[in-house]
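Novice: Structure of the sequence below:
(one chain, ligands or ions: 1)
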Amino acid sequence: MSQQLEVDVDESGVAHDETFPEAIEALRTRRSGHNFDPDEDIDDETLEALIEDATYAPSSYNLQPWEFVAVQDDENLDEVVDLAYGQEHVREAGTAIFVVGHTEPETADRVFEEWVEAGRFDEETAEQVKEQTVAGYESERAGRDYAIRNASLAAENLLLSAHARGLTATPMSGFDFEGVSEFLGLPDDKIPVVLIAVGPSGGEEPERLPRRDVDDVLHREEY
Ligand SMILES: Cc1cc2nc3c(=O)[nH]c(=O)nc-3n(C[C@H](O)[C@H](O)[C@H](O)COP(=O)(O)O)c2cc1C
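Specialist: Predicted structure coming up:
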């Protein structure tokens, strides 16, 4: 059974949730919902708000190495359901958002200029850090790891944003990666990391499955 830690304000003021209590509530109540209203879809403004919230995610050196491909056309959604091994809830959601990661540091020039413009790095330091960052992408494995790490954080932001806006959303990796890359027309240096089915709720969801206890997952000083 998972426990629910109750964290109160204490004298040290560290372990409290008073600054953004609703944020804590939102992340603790978020669910991967499968019950979508098949007759309602999100509008363009909502889609753009979700994507904007996703872009506030942290990323390595602020490279923002992600793209979002939203699929809403009925025929295209049928294709996505097939590529997701028949997961029908994608169609019922009405919107499938693929969070796509960069396996190459293509935004590095622009982003390191912004570090300099903001006075956070001098030109020489920016150039050095950029070279190190670019070198970090050299192996294929490293490029994929960066793509997955950064895009996953953006995906979690998107999920929390959907929840905060009263929508239902589910992250999914149960899809044919190569088939999706081809279907979306992704270039070779971009990979589909997560598919998020999102839409208005169709009602209740089953009870949440238990979480592993903190004692079970928290290791102090060493594993
Ligand atoms: C990497 C990843 C892949 C997942 N793939 C699928 C999927 O293909 N289909 C699906 O319905 N849910 C998928 N899920 C949702 C999980 O089943 C869900 O997050 C988990 O059961 C915990 O439930 P909760 O998100 O409601 O807390 C995936 C979640 C993650 C993080």
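Novice: what about Leu218, neighbour count?
Specialist: 8 (other Cβ atoms under 10 Å). C-beta coordinates here come from the backbone N, C-alpha and C atoms, glycine included.
Novice: Against the ligand, how distant is it?
Specialist: Here Leu218 is placed at a distance of 19 Å from the ligand (Cβ to the nearest ligand atom, to the nearest Å).
Novice: Tell me which residues touch the residue minimising distance to the centre of the chain, please.
Specialist: The chain has Ala155 as the residue nearest its centroid, 0.8 Å off, counting by Cα atoms, centre = their mean. Taking Cβ atoms under 8 Å, 6 or more residues apart in numbering, we find Ala155 in contact with 54, 99, 171, 193-194, 196.
Novice: Most neighbours among those residues, please name it.
Specialist: Val99 (27 neighbours).
Novice: Let's see the pLDDT reported for that one.
Specialist: Among the per-residue scores, Val99 shows a pLDDT of 99.
Novice: A helix includes it, no?
Specialist: No - the assignment for Val99, made by DSSP: H, G, I helix; E, B strand; the rest coil, is strand rather than a helix.
Novice: if we can go back for a sec, out of the contacts of Ala155, who's nearest the ligand?
Specialist: Set against the ligand, the nearest of the contacts of Ala155 by Cβ to the nearest ligand atom is Pro171 (4.5 Å).
Novice: residues near the residue of the chain found nearest the ligand, how many?
Specialist: As assessed by Cβ to the nearest ligand atom, the ligand sits closest to Gly174 within the chain, at 2.6 Å. Per other Cβ under 10 Å, the neighbour tally for Gly174 reads 10.
Novice: Need phi/psi at it.
Specialist: The phi and psi torsions at Gly174 (degrees, to the nearest 10) take the values phi -80, psi 70.
Novice: Figure out the helix or strand that Ala142 lives in.
Specialist: helix 140-164 (DSSP states H and E).
Novice: which bits of the chain sit near the ligand?
Specialist: 31-32, 87, 170-174, 208-209 (Cβ under 6 Å from any ligand atom).
Novice: so of these, which ones are in helices?
Specialist: Among these, no member is found in helices (DSSP state H).
Novice: For Glu138, state which of those residues is nearest.
Specialist: Glu138 lies nearest to Ser173 out of the residues of the chain next to the ligand, by Cβ to Cβ, at 25.8 Å.
Novice: since we're on the closest one, how many residues are nearby?
Specialist: Neighbourhood size, Ser173 [other Cβ under 10 Å]: 11.
Novice: try Phe177
Specialist: Residues lying near Phe177 (other Cβ under 10 Å) number 13.
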